[in-house]
Every structure is written in C-alpha cells, then in structure tokens.
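*Asks:* Give me a model of this one.
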Amino acid sequence: MKISAVFSDYDGTLAAQDVPIESSNIPAEIESPLERLGSMVPIAIVTSKDSSFIRPRTPFASAWACVSGLEIILRGGKVVSNSKVSRRLREGLAYARALKNQGVTIELKRSADGKRLLGFSVDWRRSSKPSSRFIKTATGKLTEMGLCVLHEPDWPFLDVFGARPDKGLALKELKRLLGVKGNAIFLGDSTADNSAFEESDVGICVEHGQGLENLGCGFVVRHRELDGLFRSLADNDLELDLSALEKK
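*Replies:* Reported below is the predicted structural model:
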C-alpha cells in the first residue's frame, strides 16, 4: 500500500506524555526519519496542544490541527478556527485556577494569534496524582458549565475545551486543505483518537503500556518501533507493508 499522507497525535504517540510540559519533545531517532518523510509527503499533527506549543516541536509538519481540531493551521499561514467556543470557558478557567492549592498546574490553550482562549489542561505531572474523587468532582463541575472535559485513567491531566473537539473531523478537513488523495495513515494512542482512526485509511495505535481494548485502530506498533516504521516508509518510496504490522 502506497501512503499519500501521515497524520499523527503528539502526546503519548510521538512524544512521551509523562514528562513536564516544558521537557516534552520528539526523540531524535524519531524526528530524523519524520524530517525525511516531510520532504516526500504531507505530515500533519492532530493534537490537543495549542499552536505555540506544537509548532516549534514539529517543524517537519505541513499542517497542525491544534486543540483537538478547534484550530487548523497550514504551514503557509492559513488558519481555520472554530467560532463557537463557549463563553463559560473563562468561568471554568477561574474554577480550575482555584484548584492550584491541590498541586495541579494550568496549561492554557490559545489560538495562534494569542487572542482567544480555546481550552486548558489541569495538569498534575509535577505532583502526585490527585484522588479519583478530586478528578470526578472537577470533571463534573466543568461539565456542568457546558465545557467538554476529556480524561483517561493513565493521563496525568484533564483536557478542557470550549467546544466539542473531534479529531476525525479535523483529519477530514486537513485532507481537504492539503489536497490529500489516496491512502493516509493516522497514529494515536487513546480513545480520544478513535474518530481519527475511523477517518484514516490505516489506523495505528502506538503502544506505551496503556490499555488497548477500547481503541478503534487496526494495527499496533510499540513506541520504540516508530523510528523503524518511519524509516521504512522513507526508504521504500512510501510503501507500507500491512502484513508486517501487528494487528490489534
């Protein structure tokens, strides 16, 4: 199968998600073949991170669907933003900031021009994991405000969005904007990626110890095997050997 585009999540997929935000990066052994691939085929990052975080860390990409698709940015400068962000997002942020005495930190998710707040994360990577009651209460309060809250048991954070994110719709729009025809792969690692797995032609889960039972991908690759996958695509003129991949 010849690949026409590569789409990928960032946290837990290309980069480790259990490190402080400022230390997050793509390992050199993965970034090097991605740079080669980026000169051959469009690569787009579909991530919950915002533009200011993700673009400096993925210079090989042709486009980015930031804040889980609430803003799409092309390398040439075109920006497509969701205009229906809840007015109660600021209220949710004020509530989250009051939780800082619980040891959590707040990561803001802003638009590319820095003028709009699109979401935020309640993050405990610098402290011990809060109790399940704390997580349930915070999730309930923020949801009552009409905000969209995403969390999985192995995530060291809550992601909060001012509008419902949909990585599948983001991937579909990226295909259109990039003029992608033919087979596209998507790499992800959580149920938040399921709609993007469904929208792709080949969905590949990057395994790093998380549970895989609820993921909508067709194939699995270990994080330590990513460099080999990308090098194989670059070395073999974008041919993907599905028989060499582990089925989920």
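
*Asks:* From here on, just use CA atoms for contacts and neighbour counts.
*Replies:* OK.

*Asks:* Pull the residues that contact stretch 236-243.
*Replies:* Residues from elsewhere that reach stretch 236-243, judged by Cα atoms under 8 Å, 6 or more residues apart in numbering: 1-4, 232-233.

*Asks:* cool, and stretch 118-135?
*Replies:* Counting contacts by Cα under 8 Å, 6+ apart, the residues outside stretch 118-135 that touch it are 18-20, 67, 70, 85, 89, 93, 96, 102-111, 156-163.

*Asks:* From these, which land in strands?
*Replies:* Residues from these lying in strands, with DSSP state E as the criterion: 105-110, 157-161.

*Asks:* which residues touch the residue nearest the centre of the chain?
*Replies:* In the chain, the residue lying closest to the centroid (Cα atoms, centre = their mean) is T47, at 2.4 Å. The contact partners of T47, taken as Cα under 8 Å, 6+ apart, are 8-11, 64-69.

*Asks:* Doesn't A184 belong to a strand?
*Replies:* Yes. With DSSP: H, G, I helix; E, B strand; the rest coil as the criterion, A184 is part of a strand.

*Asks:* residues in contact with the spatially closest residue to it that is not a sequence neighbour?
*Replies:* Leaving aside its sequence neighbours, A184 sits nearest to A5 (Cα to Cα, 6 or more residues apart in numbering; 4.7 Å). For A5, the residues meeting the contact criterion (Cα under 8 Å, 6+ apart) are 41-43, 180, 183-185.

*Asks:* Give me the phi and psi angles of the spatially closest residue to Q102 that is not a sequence neighbour.
*Replies:* Spatially, and ignoring its direct neighbours in sequence, Q102 is nearest to P130 (7.8 Å; Cα to Cα, 6+ apart). Torsion angles at P130 (phi, psi; degrees, to the nearest 10) stand at phi -70, psi 170.

*Asks:* thinking again about what came up before, let's see if you can find the most crowded of the contacts of A5.
*Replies:* Looking at the contacts of A5 with neighbours defined as other Cα atoms under 10 Å, the largest count falls to I43 at 26 neighbours.

*Asks:* hey, what's it bridged with?
*Replies:* V6 (DSSP bridges).

*Asks:* Is K2 bridged to anything, and to what?
*Replies:* Per DSSP bridges, residues listed as beta-bridge partners of K2: E239.

*Asks:* roughly how far apart are it and A138?
*Replies:* Remark: distance between K2 and A138 (Cα to Cα, to the nearest Å) = 45 Å.

*Asks:* same question, P20
*Replies:* P20 sits 21 Å away from A138, going by Cα to Cα.

*Asks:* who's more crowded, the two?
*Replies:* Neighbours per residue (other Cα under 10 Å) separate P20 from A138, with A138 holding more: 19 against 12.

*Asks:* Am I right that that one is in a helix?
*Replies:* Yes. Assessed with three-state DSSP, A138 lies in a helix.

*Asks:* Can you tell me the closest non-neighbouring residue to it?
*Replies:* Among residues not flanking A138 along the chain, A96 sits closest, at 7.9 Å (Cα to Cα, 6+ apart).

*Asks:* returning to that earlier point: over to the residue nearest to the centre of the chain: give its phi and psi.
*Replies:* Geometry field for T47 lists phi and psi as phi -140, psi 160, criterion degrees, to the nearest 10.

*Asks:* Residue numbering should commence at 48 henceforth.
*Replies:* Understood, numbering begins at 48; the last thing we discussed is T94.

*Asks:* Surely the residue nearest to A185 touches I153?
*Replies:* Yes. Assessed by Cα atoms under 8 Å, A143 is found in contact with I153 at 7.4 Å.

*Asks:* Quickly note the distance from the residue of the chain most remote from its centre to V196.
*Replies:* The C-alpha centroid of the chain is most remote from N148, which lies 28.0 Å away (Cα atoms, centre = their mean). Distance of N148 to V196, given as Cα to Cα: 21 Å.
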